[in-house]
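>>> The sequence and its predicted three-dimensional model are supplied below.
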Amino acid sequence: MSKPNALSLGALPSTHPVKLTLAVPADLKAQLDAYAEAHSRLHGPVDTATLIPHMLAAFIARDRGFRALQTKSVRSKAYGATSPDSNPAGHAPR
């Protein structure tokens, strides 16, 4: 018996959801439904709406550009960098 193909999204952790409503194109909905079906075969029953937040979280976690921007933002805050908005007089920080 061959091992089934692994999906990028593994088993789902439990979460505390916040409701968000969005609209997607019909072809994307069909792909999401197909992914949910494949995921259900590998990990147990799950509906498309339950998968979407986990798919988005996985996407964001793998986005190196976003991670770099987040790290840069944290460093700027840690070292007291100022933005033009935080310096209303327009003077350069000393």
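Received it, and whenever you're ready, just let me know what you need.
>>> Which other helices and strands does whatever helix or strand Ala49 lives in contact?
Under the criterion of DSSP states H and E, Ala49 resides in helix 48-62. Helices and strands touching helix 48-62, by 3 or more Cβ pairs under 8 Å, 6 or more residues apart in numbering; DSSP states H and E, are helix 26-43. C-beta: built from backbone N, CA, C; applies to glycine.
>>> now Pro13, nearest residue through space, not along the chain?
Once flanking residues are discounted, Pro13 sits nearest to His54: 7.9 Å by Cβ to Cβ, 6 or more residues apart in numbering.
>>> any idea how far that neighbour lies from Ala61?
Using Cβ to Cβ, to the nearest Å, His54 is found at 10 Å from Ala61.
>>> When these two are compared, which one has more neighbours?
His54 (17 against 9; other Cβ atoms under 10 Å).
>>> Confirm for me that Thr50 is in contact with Pro13.
No. Counting by Cβ atoms under 8 Å, Thr50 does not reach Pro13; the two are 11.6 Å apart.
>>> buried sites along the helix holding Ala49?
48, 51-52, 54-55 (16 or more other Cβ atoms under 10 Å).
>>> Which other helices and strands does the helix or strand just after that helix contact?
Per DSSP H and E, the first helix or strand lying C-terminal to helix 48-62 is helix 64-78. The helices and strands touching helix 64-78, judged by 3+ Cβ pairs under 8 Å, 6+ apart, number zero.
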